[in-house]
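Undergrad: quick one: sequence and predicted model below, then my questions.
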Amino acid sequence: MSSSTLPPSSISVFTTVASYREWRRKAFEEKKSVGYVATMGALHEGHLSLVRRSLAANDLTVLSIFVNPAQFAPHEDLATYPRTLPHDLELLDAMSLAVPSASPAGSVVRTPSAVFAPTVSEMYPAGISQDTSEQKGTFVEVKGFAHQMEGKSRPTFFRGVATVVTKLFNVIEPTRTYFGQKDIQQALLLRRLTQDLLLAHPHYENLHIVPTARDSETSLALSSRNAYLSVHERAHVAPALHAALQAAKQVWGQHGSKEECIRKAHAVVEATAQNCMGLPEKVEVRVDYIEMNDAETFDVLSDDVTKSVWERPVILSGAVWVGRTRLIDNIILGDARGLGVVE
Ligand SMILES: Nc1ncnc2c1ncn2[C@@H]1O[C@H](COP(=O)(O)OP(=O)(O)OP(=O)(O)O)[C@@H](O)[C@H]1O
Ligand SMILES: CC(C)(CO)[C@@H](O)C(=O)[O-]
Ligand code: BAL
């Protein structure tokens, strides 16, 4: 999209690496901190909660908006993924946060400063195929952390994410960065990448994980892909995933085994699926996975493990198909602060 078709905005929009770097150089010279939120656009309140965290802690806040082909398998929804840049900029333009300061007024008002919205060829000058067997050049893998949970269902996903985020960190050079708990495996894997690659911008301790923003009535995790849901699916079917995880959490709290927790979660989704059968709008509901993994190693917990013997934080996560939409969600059991999750 050319900049002439975008709404008037006080936010600088950079589409090239070179133009962004010029802006970043000035921020370095002025010793200003830069907070960074990586997105694929179609912004919603979940993204904005990350932006607010960044505004609160940094002089300047940058978002990237880039739908990364490398993280979509050939059969996935790259072509239909919602792209709403003008609306995204309107949402960002309307944001402001008063932050306490030493100024005579006692506070300063911060707003998002810049958006980096590159083309695919800007990010992948040598081209990019979604078919990994055809790819050539440099890719980033976080070994041992990309094959469980989401990685089991989407085997090439995290390679695509790790590669593009390494490139984005290299361009944006953030002081601090913010990722959502909704994509918990992604956030923890990127924290690990940042640590393993000895990055300074950002240092891994400055990669913060922000709790999942939810629909206030149904607790459905906000997600750009919710745009694919019908009104009925959104209100009555999609919330089953969070309800299932909550039910499993309750069983865990009562010292049930992992197997019992997972069985309970499946039963909640199954009950929703049964309810849908009798309705005029037929919706197929299918569990992709519901699992419990150690939050540091991502190892799958054994079936017989209970809360009494497992003292480390656990990721209770799942993915469910609601019609043609694949939704994910998770709850962390135990203390999440050591993982970089902010309160
Ligand atoms: N409900 C949410 N609460 C907190 N963070 C979120 C939420 N939804 C997305 N994010 C975070 O926003 C960042 C950008 O995510 P992305 O642009 O893929 O949006 P998304 O809603 O997760 O989209 P998708 O539907 O493709 O999963 C990620 O760090 C993601 O975890
Ligand atoms: C981190 C990310 C922007 C990489 O493309 C994407 O996976 C997302 O939006 O969560
Ligand atoms: N929010 C993660 C991006 C993806 O599913 O492709």
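TA: Noted; the coordinates are in hand. Numbers count the residues shown, from 1 in each chain. Ligands and ions are numbered 1, 2, ... in the order given.
Undergrad: drop to CA atoms for contacts and neighbour counts, all remaining ones
TA: Fine.
Undergrad: show me the contacts for the closest residue to Glu141 other than its chain neighbours.
TA: Nearest residue to Glu141 in three dimensions, chain neighbours excluded: Arg159, at 5.1 Å (CA to CA, 6 or more residues apart in numbering). Arg159 sits next to 70-71, 139-142, 146 when contact means CA atoms under 8 Å, 6 or more residues apart in numbering.
Undergrad: what about whichever helix or strand Arg159 is part of, near ligand 1?
TA: Element membership for Arg159, per DSSP states H and E: helix 157-172. No. No part of helix 157-172 sits near ligand 1 under the criterion CA under 6 Å from any ligand atom; the closest distance found is 10.2 Å.
Undergrad: the longest helix in this structure is where?
TA: In terms of residue count, the longest helix belonging to the chain (DSSP state H) is helix 258-277.
Undergrad: mind listing what's buried in that helix?
TA: By 16 or more other CA atoms under 10 Å, the buried positions in helix 258-277 come out as 258-266, 268-270, 272-273, 276.
Undergrad: let me know the pLDDT of Gln274.
TA: Predicted confidence (pLDDT) for Gln274: 89.
Undergrad: and the one 10 residues further on, by the same measure?
TA: The score at Glu284 is 91. That number is its pLDDT.
Undergrad: and it, what does it touch?
TA: 273, 321-323.
Undergrad: try 10 Å this time
TA: Counting by CA atoms under 10 Å, 6 or more residues apart in numbering, Glu284 makes contact with 233, 237, 273-274, 276-277, 321-324.
Undergrad: how about His242?
TA: Going by CA under 10 Å, 6+ apart, His242 touches 214, 218-221, 248, 265, 268-269, 317-318, 328-331.
Undergrad: mind checking which of the residues you listed land in strands?
TA: 317-318, 328-331 (DSSP state E).
Undergrad: any idea how far ligand 2 is from Asn275?
TA: From Asn275 across to ligand 2, the span is 32 Å (CA to the nearest ligand atom, to the nearest Å).
Undergrad: I'd assumed Val237 was in contact with that residue.
TA: Yes. Between Asn275 and Val237 there is a contact under CA atoms under 10 Å: 9.2 Å.
Undergrad: what sits in contact with each of the two?
TA: 269, 283.
Undergrad: so which bits of the stretch 151-300 of the chain are right by ligand 1?
TA: 179-183, 210-214, 221-225.
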